[in-house]
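J.: quick one, what's the 3D model for this:
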Amino acid sequence: MRRGDILKRTNDEYAVAEEYVLNAKLKDINPMFFGHARYFPGKKNGPDKRNFTMVRYFLSGGGYFEIAGKKYPIEPGKAYIAPQGVSVSFYITEEAEDIYVGFDGEVSRDFALLDCAVPSSPDIFREILAAADYEGRKDLLVASILIRWYLELFPTKKEASKDYITEVKEFIDENYMLPIKVEDIAAKFNMNRSYLSRVFKEKVGMTMKEYIISVRLREAKRMMNYGKNVTEAATLCGFGSQSHFSKTFKKFYSYVPKVQKNERDITKCYSEYE
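T.: Below is the predicted model:
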């Protein structure tokens, strides 16, 4: 355990209140350190990547976080989650105060499934800071508090470990005709965009953008086989223009799109799309 010194205002506009270092090497959630800090306007931190999960809860202040290339305004009442291996930086524009905690462990990886800015009660983080005065095992106390927070964020283990990639694919299959984007999908599932994109590619073998295009092309080809013309198929499947559709179709299938007759009753097939 180590307690930081109270520092005066320095050239980088930063002041540390206190910090405690822990490392019990717990399996599920292993708190490594926690602390309490104050920042003056102009303070910059990062960008950097860590090999553990870092959470900061701001009690006051203003500025912004940039996590995995996306900016989040600093707002009291939100916990800012920097997952393992993700680039993060922040900039303070108003005098600020936060409580922070760093941890690793098997369960800590689930925090990457969440959005990087999560509304949260200050009670959890005040309890973590109060562990500084606990005379027993501070590491176990902080771990228990983090697990309780984890259970609030993920009500059941089943929910935390569900096959969300299948759900993402189903969402795309059902909404391919809409102007959906990767960031929209990540926001809908309340997940970190970079993490979701990486896991999706690992499990599906293509990026989400590539999958969206493949579904649109598949459905457009099917519609043309049922007699829809090229313009209709392009429009119904979410392409902005026929020229873009034709170019993408040729790149994917190696031939230009064309209407083909199907042995099935065309009139009957039309009813599927009208």
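
J.: which helix in the chain has the most residues?
T.: Using DSSP state H to define each element, the chain has its longest helix at helix 208-225.

J.: domain map for the chain?
T.: The record's domain parsing of the chain by automatic domain parsing lists 14-160, 164-270.

J.: hang on, the earlier thing: which strands or helices does the helix or strand following the longest helix of the chain pack on?
T.: Where DSSP states H and E defines the elements, the next helix or strand beyond helix 208-225 is helix 230-236. Under the contact definition 3 or more CB pairs under 8 Å, 6 or more residues apart in numbering; DSSP states H and E, helix 230-236 sits against helix 208-225, helix 242-253. All C-beta spots, glycine's among them, are computed from the backbone N, C-alpha and C.

J.: ok, and which of the ones you listed has the densest surroundings?
T.: Here the criterion is mean neighbour count by mean count of other CB atoms under 10 Å, and of those the winner is helix 208-225, at a mean of 19.

J.: that one - contacts with which helices or strands?
T.: Using 3+ CB pairs under 8 Å, 6+ apart as the contact definition, the elements that helix 208-225 packs against are helix 164-175, helix 182-188, helix 193-204, helix 230-236, helix 242-253.

J.: residues in contact with the spatially most central residue of the chain?
T.: Computing the C-alpha centroid of the chain and ranking residues by CA atoms, centre = their mean puts Asn192 first, at 0.6 Å. Taking CB atoms under 8 Å, 6 or more residues apart in numbering, we find Asn192 in contact with 67-68, 81, 83, 86, 112-116, 186.

J.: need these in CSV with neighbour count, secondary structure and pLDDT, can you?
T.: Listed next are these as CSV, based on neighbours: other CB atoms under 10 Å; DSSP: H, G, I helix; E, B strand; the rest coil; pLDDT from 0 to 100:
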residue, neighbour count, secondary structure, pLDDT
Ile67, 24, strand, 85
Ala68, 17, coil, 79
Ile81, 24, strand, 91
Pro83, 25, coil, 86
Val86, 20, coil, 85
Ala112, 22, helix, 82
Leu113, 22, helix, 79
Leu114, 18, coil, 81
Asp115, 19, coil, 80
Cys116, 25, coil, 85
Ala186, 21, helix, 83
